[in-house]
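Visitor: mind folding the following:
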Amino acid sequence: MYKVFVNDKPIFLTTEMVYEENVRCFPLKGVDLEVVINKVAKDKWDKVYLYHPNPEKLLKKFKKLIPVVIAAGGLVRNDKDQVLFIKRNGKWDLPKGRVENGETLEEAAIRETEEETGVKELKIIRPLLVTYHIFNRNDKMKLKETHWFAMESNYEGILIPEKNEGIKKVAWKNELKVQKALQKSYANIKELFFQKV
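Guide: Prediction:
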């Protein structure tokens, strides 16, 4: 099963039909995705499942319904066990961005993290989750597929928010401040902290 977030509300992609009260389940084949997204975005529908019986084809079929933007980012920890956050659009987020042509996911994650925060000496430890969310760009809905990596850095220099990307602040946060930041973050970012990192 996959979760695709629309305004922090999930649409579930599943290989089994769901028959529950107050739940909507549609076959992927023939679904009007724009209608589903708009209903979820406007709080008209709570729980929505999109169904396809084949687990290998489930995500591929969904991606054929909407343009996909591939991105990569990092959950960065330093030697004080602090996590690197950025603040954009009034919410705490993690650094990430679009993968450029010819770039690997790992290269993009490191480049975007450096550009958005000013942090250097980044080292990828391991891959984490892939998250999905729908966003609107120029009145067109797109699916952002973000590949996340656990990273570490011993960088102690100045943190530099990338202003032209709308980033207002960059900060290292300890465990207590991470919990506070997650209260003002996005659902897909919270997903990263649910797994052991």
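Visitor: residue most distant from the centroid, the protein?
Guide: Distance to the chain centre peaks in the chain at E21, reaching 28.9 Å (criterion: Cα atoms, centre = their mean).
Visitor: remind me, longest strand of this protein?
Guide: strand 123-137 (DSSP state E).
Visitor: now the lowest-mean-pLDDT helix or strand in the chain: how far from the chain's centre is it?
Guide: Across the helices and strands of the chain, mean confidence by mean pLDDT, DSSP states H and E is lowest for helix 187-194: a mean of 92. On the basis of Cα atoms, centre = their mean, to the nearest Å, helix 187-194 sits 8 Å off its chain's mean C-alpha point.
Visitor: for the closest residue to K190 other than its chain neighbours, what are its contacts?
Guide: Spatial nearest neighbour of K190, chain neighbours left out: L182 (5.5 Å); criterion: Cβ to Cβ, 6 or more residues apart in numbering. C-beta coordinates here come from the backbone N, C-alpha and C atoms, glycine included. By Cβ atoms under 8 Å, 6 or more residues apart in numbering, L182 lies in contact with W92, I189, K190, F193.
Visitor: for L182, which three-state class applies?
Guide: helix (DSSP: H, G, I helix; E, B strand; the rest coil).
Visitor: what about it, distance to G102?
Guide: Applying Cβ to Cβ, to the nearest Å, the value for L182 to G102 is 34 Å.
Visitor: next: H52.
Guide: Here the criterion is Cβ to Cβ. By it, H52 lies 32 Å from G102.
Visitor: now swap in T14 and tell me
Guide: 35 Å.
Visitor: between those two, point out the one with more neighbours.
Guide: Comparing T14 with G102 by other Cβ atoms under 10 Å, the one with more neighbours is T14, at 17 against 6.
Visitor: hang on, the more buried one packs against E20?
Guide: No - T14 is beyond contact range of E20, at 11.9 Å (criterion: Cβ atoms under 8 Å).
Visitor: anything in contact with each of the two?
Guide: Counting by Cβ under 8 Å, 6+ apart, T14 and E20 have no shared contacts at all.
Visitor: pull the CA atoms of stretch 174-191 into CSV?
Guide: Below are the C-alpha coordinates for stretch 174-191, written out as CSV (Å, rounded to 0.1, in the frame of the first residue of the first chain):
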residue,chain,number,x,y,z
ASN,A,174,17.5,18.5,19.2
GLU,A,175,15.0,15.8,20.0
LEU,A,176,12.6,18.1,21.9
LYS,A,177,12.7,20.8,19.2
VAL,A,178,12.2,18.1,16.5
GLN,A,179,9.0,17.0,18.2
LYS,A,180,7.8,20.7,18.2
ALA,A,181,8.8,21.2,14.6
LEU,A,182,6.9,18.1,13.5
GLN,A,183,3.7,19.7,14.9
LYS,A,184,4.2,22.4,12.3
SER,A,185,5.3,20.2,9.5
TYR,A,186,3.9,18.1,6.7
ALA,A,187,2.4,14.6,6.9
ASN,A,188,5.0,13.1,4.5
ILE,A,189,7.8,14.6,6.7
LYS,A,190,6.3,13.0,9.8
GLU,A,191,6.3,9.7,8.0
